[in-house]
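> after the sequence you'll find the predicted model.
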Amino acid sequence: MIVAIIAHSFRMIQRIMPVAEQLTTWKIELARLCQPYTNSKVCFDIPLSKQTYFGIGGRASAYLEVGEIDLLVAVARFKNDYRLDTFILGRGSNLLVSDDGFDGLVIRLVGQLDWLTFEGTSVRAGAGVSQPKLSKAAARQGLSGVEFVLGIPGSVGGGLMMNAGAWGSCFSDLVTQIRVVTELGEITEISADQAKFQYRQSCLNDYFCIIEAEMRLTESEINVVTQQMQQLYQQKMETQPFVVGSAGCMFKNPEGRSAGRSIDLCGLKGTRIGDAEVSQIHGNFIVNHGNASAKDVLDLVELIQLEVKKQQGIDLHLEVKLLGF
């Protein structure tokens, strides 16, 4: 009997050991893969709360800043070889990370993926460029069209992925071509039509990563564009919370309605669970007063959804992305 128990335990260890070894192996191999690339950096077991505007979330198994397109392609193939879950972080502005973190590789685009070039009314932007940087650069060129992204802290890649927008404008109004890395690690170009843009979504999630995009803007005058940007930014500062952590608008607007207005009408502003609160400035924002957990936020999300459904018969759907749940 004792011999049988020992034999069974040994077989269990044999089954468990290869998994542990494989986890160690992919980290070693990832570090080796990144070593020749001077504009890239990889680290392991880091808190994602420090990489997001919400300031919430557990640790990622690995975090990689990719500064070279060649490495991005290599990582796409690498994650297939090791069956590794990956997530392109962008700027972490529209994201809620699980308290348990993310058992996989989180990627942020820098270096060769954070650049801008202008030619006439056309602009090409790397996916790692921040949206405010794009807006300001276009204004300096006397080009109009991206004023609306000045107050959106995300990256161009993230904005394209969800077809971000504000004040009645969105990325799909401007995009002509998008360069991507496929899930198989191949670089290809797709048109705006192929991206299948809709309200706050696209089919770009079907690809491993966006590299860059070309957008067509409109000629204007520098002072006119700058004034428009200042007006929109001032309005945003007056109507949205910026002092505390948040992930921006939590819910998509229902067709023909405002999610924030629907939440306001239900009297939910100021509703709080732990350190997560429905903003008293804008009902479609949940803010972190310092120590909110992801569970606090999701409990508050559920409360909002139930109350809006009960009082107004409206289904609210998340706009914020979830990671690690």
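Nice, I can see it. Remember, it's a predicted structure, so these values are computed and weren't measured experimentally. Numbers count the residues shown, from 1 in each chain.
> quick one: residue 231 from residue 225, how far?
Note on residue 231: its distance to residue 225, by Cβ to Cβ, to the nearest Å, is 11 Å. For glycine as for every other residue, the C-beta is placed from the backbone atoms N, C-alpha and C.
> the two: who's more crowded?
A count of neighbours by other Cβ atoms under 10 Å puts residue 225 above the other of residue 231 and residue 225, at 24 against 12.
> residue contacts, the more buried one?
Counting by Cβ atoms under 8 Å, 6 or more residues apart in numbering, residue 225 touches 138, 139, 142, 143, 144, 147.
> quick check: the farthest pair among those?
Farthest apart among these by Cβ to Cβ are 142 and 147. That separation is 12.4 Å.
> these two: which has the busier surroundings?
residue 147 (25 against 17).
> shouldn't the more buried one be in contact with residue 135?
Yes - with contact defined as Cβ atoms under 8 Å, residue 147 reaches residue 135; the gap is 6.1 Å.
> please enumerate the shared neighbours of the two.
Taking Cβ under 8 Å, 6+ apart as the contact rule, residue 147 and residue 135 both touch residue 229.
> which residue is the nearest non-sequential neighbour of residue 68?
Distances taken as Cβ to Cβ, 6 or more residues apart in numbering put residue 37 closest to residue 68, at 5.0 Å, once the chain neighbours are dropped.
> pull the residues that contact stretch 312-325.
Applying Cβ under 8 Å, 6+ apart, the external contacts of stretch 312-325 come out as 48, 57-58, 87, 94-98, 100-103, 162, 200, 247-252, 254, 257, 259, 262-263, 265-266, 294, 301, 304-305, 308-309.
> selecting buried members of those residues in ChimeraX, what would you type?
A single ChimeraX command is used to select the members of the contacts of stretch 312-325 judged buried by 16 or more other Cβ atoms under 10 Å:
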select :48,57,58,87,94,95,96,97,98,101,102,162,200,247,248,249,250,251,252,259,262,263,266,294,301,304,305,308
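> can you give me the helices in the stretch 151-300 of the chain?
With helices called from DSSP state H, counting those that start in this stretch, the stretch 151-300 of the chain shows them at 156-161, 192-195, 222-239, 259-265, 294-312.
> which secondary structure elements does the fourth one contact?
Pointing back at helix 259-265 there. Identification of packing neighbours for helix 259-265 by 3 or more Cβ pairs under 8 Å, 6 or more residues apart in numbering; DSSP states H and E yields helix 294-312.
> just checking, next helix/strand downstream of the helix it packs on?
Under the assignment DSSP states H and E, the closest C-terminal helix or strand after helix 294-312 is strand 321-323.
> what about that following strand, average pLDDT?
In this model, strand 321-323 has a mean pLDDT of 97.
> so which bits of that strand are buried?
Under 16+ other Cβ under 10 Å, the buried positions of strand 321-323 are 321, 323.
> ok now that strand, how far from the chain's centre?
Distance of strand 321-323 from the chain centroid (Cα atoms, centre = their mean, to the nearest Å) equals 8 Å.
> and stretch 205-222, how far out from the chain's middle?
Worked out by Cα atoms, centre = their mean, stretch 205-222 lies 16 Å from the chain centre.
> and the residue nearest to residue 68, how far from residue 110?
Going from residue 37 to residue 110 by Cβ to Cβ gives 11 Å.
> who touches stretch 182-196?
With contact meaning Cβ under 8 Å, 6+ apart, stretch 182-196 is reached by 69, 73-74, 76-77, 80, 160, 172, 175-181, 202-204, 206-208, 211.
> could you turn the buried ones of these into a PyMOL selection?
Entered in PyMOL, the line below selects the buried ones among these, by 16+ other Cβ under 10 Å:
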select buried, resi 69+73+74+76+160+172+175+177+178+179+180+181+202+204+207+208+211
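> need the winner for burial among the helices of the stretch 151-300 of the chain.
Most buried of the helices of the stretch 151-300 of the chain, by mean neighbour count (mean count of other Cβ atoms under 10 Å): helix 156-161, with a mean of 28.
> CA atoms of it as CSV?
The C-alpha coordinates for helix 156-161 follow below in CSV (Å, rounded to 0.1, in the frame of the first residue of the first chain):
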residue,chain,number,x,y,z
VAL,A,156,-3.0,55.4,-31.5
GLY,A,157,-3.0,51.6,-31.6
GLY,A,158,-5.5,51.3,-28.8
GLY,A,159,-7.6,54.1,-30.3
LEU,A,160,-7.8,52.2,-33.6
MET,A,161,-8.5,48.9,-31.9
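> list the helices and strands that helix packs on?
If you count contacts as 3+ Cβ pairs under 8 Å, 6+ apart, helix 156-161 packs onto helix 131-140, strand 209-216.
> looking at those, which is nearest to residue 43?
strand 209-216 (19.4 Å).
> identify the residues contacting the closest one?
69, 72, 76, 88, 107, 109, 113, 121-127, 145-146, 156-157, 160-161, 171, 174-181, 187, 204.
> what do you get if the cut-off is 6 Å, keeping everything else the same?
Contacts with strand 209-216, where a contact means Cβ atoms under 6 Å, 6 or more residues apart in numbering, come from 88, 122-127, 157, 160, 174-181.
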